[in-house]
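1. Have a look; sequence and predicted model below, questions after that.
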Amino acid sequence: MSTKSIKVPFLPQPRSITLNGSSCDVAGKIIFSTNVENPLNYDYLLSLAGMTCIEKRDIQTGDLSVLYIVLGKVPAQLTLRPESTDKEAYAIESKDETIIIAANTESGLSLGIKLIVRLQKAGMLDRGYSVQDYPDI
């Protein structure tokens, strides 16, 4: 597995963003799965990344301390968690046919989706990523 830091042009950098060694093919019409109460809040942001939700599904995690959005296939276990306890912290993992965003709050989920939009606009969404981030301010 290769680990390589990258720069997203003209945009604030996350604390940790690495290529995880596998490509990610999530685009166009997608299945959107989440454990948040009002997932419609994210439709607009996803449309900015060229994604259209064709189906929304609920994820039952049993642990609501971490909120998830899964774009594409839902893995058997959701183990991704933000490294920080900050309310806007988020983590992203993308590979194969799945992008997972994990956050402590819905605000963190929104920040994670905004990074997905930035990566797509920079033409880099398909490279596969592991991200850990929380705001400085």
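-> Good, I have the coordinates. Residues are numbered from 1 along each chain as shown.

2. Tell me who's in contact with the most centrally placed residue in the chain.
-> By CA atoms, centre = their mean, the chain has its centre lying nearest to residue 101, at 3.3 Å. For residue 101, the contact set (CB atoms under 8 Å, 6 or more residues apart in numbering) comprises 68, 69, 70, 71, 90, 91, 92, 109, 112, 113, 116. C-beta: built from backbone N, CA, C; applies to glycine.

3. so it bridges to which residues?
-> When assigned by DSSP bridges, residue 101 has beta-bridge partners residue 69, residue 92.

4. Residues touching the helix or strand hosting residue 46, excluding its own?
-> Assigned by DSSP states H and E, residue 46 belongs to helix 43-48. Contact with helix 43-48 is made by 30, 32, 52, 53, 71, 110, 113, 114, 116, 117, 120, 121, as judged by CB under 8 Å, 6+ apart.
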